[in-house]
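Novice: prediction below, plus the sequence it came from.
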Amino acid sequence: MEYIFLSITAMVAMMLGTLAGGGGLITMPAMLLMGIPIHSTIGASKISTTISSFSTFLTVLMKKQITFREAWWILPVSLSGGLLGGFIATHIPERLLFQIAIFLLIAAFLTSFLSKADFSGEAALAPRKSGIAGLLGIGLYDGLFGPGQGTLLLFLFNHLRVSYLRAIGFMRLATFSSGFGAAVSYIAMGKVIWPVALALVIGSLSGAQIGVRIAERLNPRHVRILLRVVIVGLLIQLLIEALLK
């Protein structure tokens with residue numbers, strides 16, 4: 001019964017994660033409340049988001065919203081960050097992970113008010129310095145901890161003047177890359193509980209496809225509001241958990 005609950009939770013979380021990031025706002029508390037250890041929770045989440053993110057990327061790619069020619073460089077950059085982050089995560093205290101997450105989410109929240117971009121840009125994605133540095137840093141954070149990673153990526157692509165649906169495609173490819181790197185690290189360390197990971201994968205695949213279809217109808221001008229709401233929710237969750245530790 002608890003695996004069915006996990007699948008449903010993962011479906012809702014991935015639907016939100018596809019639209020605005022922040023899927024960890026739902027899945028991580030649920031898994032921790034079930035008594036699943038933090039590193040096993042993160043490891044299972046990385047496996048499910050890796051698979052579901054790739055399915056979302058393929059959907060956007062097949063709709064010809066993006067091309068692999070402009071997206072290929074995301075793979076090695078985010079993969080490197082995820083691998084490094086996953087390795088480091090098993091060697092630093094959990095409390096420090098929460099502090100890093102809170103700092104990054106506050107920075108993203110403040111940036112959303114300073115930036116005038118609203119996902120209405122039509123710029124082509126190219127491997128510029130700011131994009132490479134941003135992807136590497138967010139990939140590192142994804143491997144370290146993860147909650148809010150998708151939201152941070154959407155802010156990055158918004159800054160790069162990429163339209164909303166295209167940003168979702170690039171975001172899911174980056175999430176696949178960093179998640180794959182992190183998943184390899186957690187599997188190698190023996191931190192993954194496979195029945196839990198499988199339950200998450202089943203739910204996440206459904207949620208990802210639902211999220212893409214909703215995104216096609218979402219007004220880009222409302223996306224930043226949704227992102228801010230997600231960030232506030234993530235911050236509240238992380239602050240509570242940090243205080244309880």
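Specialist: Noted; the coordinates are in hand.

Novice: was I right about Thr56 contacting Phe170?
Specialist: No. Taking Cβ atoms under 8 Å as the definition, Thr56 is not a contact partner of Phe170, at 10.7 Å. C-betas here are computed from N, CA, C, even on glycine.

Novice: ok, and the closest non-adjacent residue to the most centrally placed residue in the chain?
Specialist: By Cα atoms, centre = their mean, the chain has its centre lying nearest to Gly150, at 3.2 Å. Leaving aside its sequence neighbours, Gly150 sits nearest to Gly21 (Cβ to Cβ, 6 or more residues apart in numbering; 2.8 Å).

Novice: what residues are up against that neighbour?
Specialist: Gly148, Gln149, Gly150, Thr151, Leu152, Leu153, Leu154, Met171, Leu227, Val230 (Cβ atoms under 8 Å, 6 or more residues apart in numbering).

Novice: ok now the one helix or strand Ser185 maps to, how far from the chain's centre?
Specialist: Here Ser185, judged by DSSP states H and E, is contained in helix 164-188. Centroid separation for helix 164-188 versus its chain: 7 Å, with Cα atoms, centre = their mean, to the nearest Å.

Novice: cool, and stretch 9-28?
Specialist: 9 Å.

Novice: can you check the distance spanned by it, start to finish?
Specialist: Stretch 9-28 has an end-to-end distance of 10 Å (criterion: Cα to Cα, to the nearest Å).

Novice: in the helix or strand hosting the residue nearest to the centre of the chain, what counts as buried?
Specialist: Using DSSP H and E, the element containing Gly150 is helix 149-159. Buried positions in helix 149-159, judged by neighbour count with 16 or more other Cβ atoms under 10 Å: Gln149, Gly150, Thr151, Leu152, Leu153, Leu154, Phe155, Leu156, Phe157, Asn158.

Novice: how near is Ala182 to Ile193?
Specialist: 16 Å (Cβ to Cβ, to the nearest Å).

Novice: tally up the residues packed near Ser80, please.
Specialist: 18 (other Cβ atoms under 10 Å).
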